[in-house]
Each structure stands twice: as C-alpha cells, then as structure tokens.
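# I would like to see how this sequence folds:
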Amino acid sequence: MSGIVNDKSFDIIFRDGRTHSVWLDKPVSDITLQALYDLLSLGPTSANCSPARFLFLRSEEAKERLRPCLSAGNLEQTMTAPIVTIVGYDLAFCTKFATLWPGNEQVRGWFEGNDAKLLETAFRNGSMQGAYLIIAARALGLDCGPMSGFDIAAVDQEFFPDSTIRTNFLCNLGHGDPAALPPRKPRLAFGEAAEVI
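Residues are numbered from 1 along each chain as shown. Modelled structure (predicted):
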C-alpha cells in the first residue's frame, strides 16, 4: 500500500512507538512543547471546538503536588518523567468560538446551556486531542507514557479548583529507555475488532 507518508514515519508513530515507564535523563524544552501543541492543535474536533487543555508539569514542585493523586504502580514512572502532562477538557469551550469559528454567531448556542451536550462534546473531542498529543509527540521524537491509575477528583482539586477544566488522563513525556521496554503485548486482529458491512 502506498501513501504520502513513508514507512519510517509509520514506524516512529505506530509500529515502534511504545508506552514507556522508564526515562532517560534528557530534558524536554519549552520549544519542543510549543511545537507539540502547535501540531496537535491542527487535529480535527467537532465544530472546531478544541476543548482539550494541557498542563505540562516539569518542576519537582509541580510533580510533588501530583504525587498524592497517583496510584502506587504509577508513582515512580511519573515522578521521574521529564514532563507529566495533565490532559484535560474545558466544559466552557464554547466561550472560545469567537476565536475558533469567527463569524458564526449560532455555534455557541449549539452547546451553551446544555450541560449533557457540553460534557459529551468536551470529553469526546478532548480525548481525541489527547490522542493527537501522543501522535505529535512521537513524530517529534518524544516517547509517551499515557495512563489512568490516579485520583481524578484529587487532580482536579489540586490543579483546577474553581475551574471549568476537568482531568481526562495523564501522559508522561520524555525520552524513554528502550532497554527497559518489555515485549509488546498482542493486539486484536482486524476480524476481532472491525467489520465491513
């Protein structure tokens, strides 16, 4: 199968891309984080709502604030990661439509005042943007460690108090140690997970 993306790119983003939990002592620059956001922000969201919000924790002080929220099994890999990303979503995303869809006076009304639709749209599209984060990070040469295994309410209380932002998941970023990777776990075959009708 031919395409406009070469095979090496597929290797970097998917085939060789792994979930890392052991990190090399290599920093991630602000320039890289800006480039990461610039890339992921181009991924599609419904009505261009772009509800994801990203809080990049680099300092030891910031990571220590996160420590009590983490499950024991995720503690070491998170505290030693160069960057811990809190991937959240903003329930007030519709307030940004003047920027995100200028000239469309109706779009805000599609969501505003409908709490169920706001939550559904913010969570779904924020999750997609979290996936774009992983793809963009790998394309930029970073490794990722996305995870659950933490107290969401505690993270919201610590980092987003009195805010419309809610936490979705965490994603550690940096340069993983390839020597520490276990064998890749199996995936479902096409016929087990997909169907053409």
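
# state the distance from the residue most central in space within the chain to Leu170.
By CA atoms, centre = their mean, the chain has its centre lying nearest to Gly130, at 2.8 Å. Taking CB to CB, to the nearest Å as the measure, Gly130 falls 10 Å from Leu170. (C-beta placed from N, C-alpha, C; glycine too.)

# name the residues contacting each of those two.
87, 146 (CB atoms under 8 Å, 6 or more residues apart in numbering).

# top helix in this protein by residue count?
helix 115-139 (DSSP state H).

# isn't the residue nearest to the centre of the chain up against Ala52?
Yes. Using CB atoms under 8 Å, Gly130 makes contact with Ala52 at a distance of 6.3 Å.

# shared neighbours, these two?
With CB under 8 Å, 6+ apart as the test, Gly130 and Ala52 both reach 87, 168.

# mind listing what's buried in the longest helix of the chain?
Neighbour counts over helix 115-139 (16 or more other CB atoms under 10 Å) mark 118, 121-122, 125-130, 132-139 as buried.

# list the contacts of it.
By CB under 8 Å, 6+ apart, helix 115-139 touches 9, 12-13, 17, 36, 39-41, 43-47, 49-54, 85, 87-94, 110-112, 143-144, 146, 166, 168-169, 171, 173.
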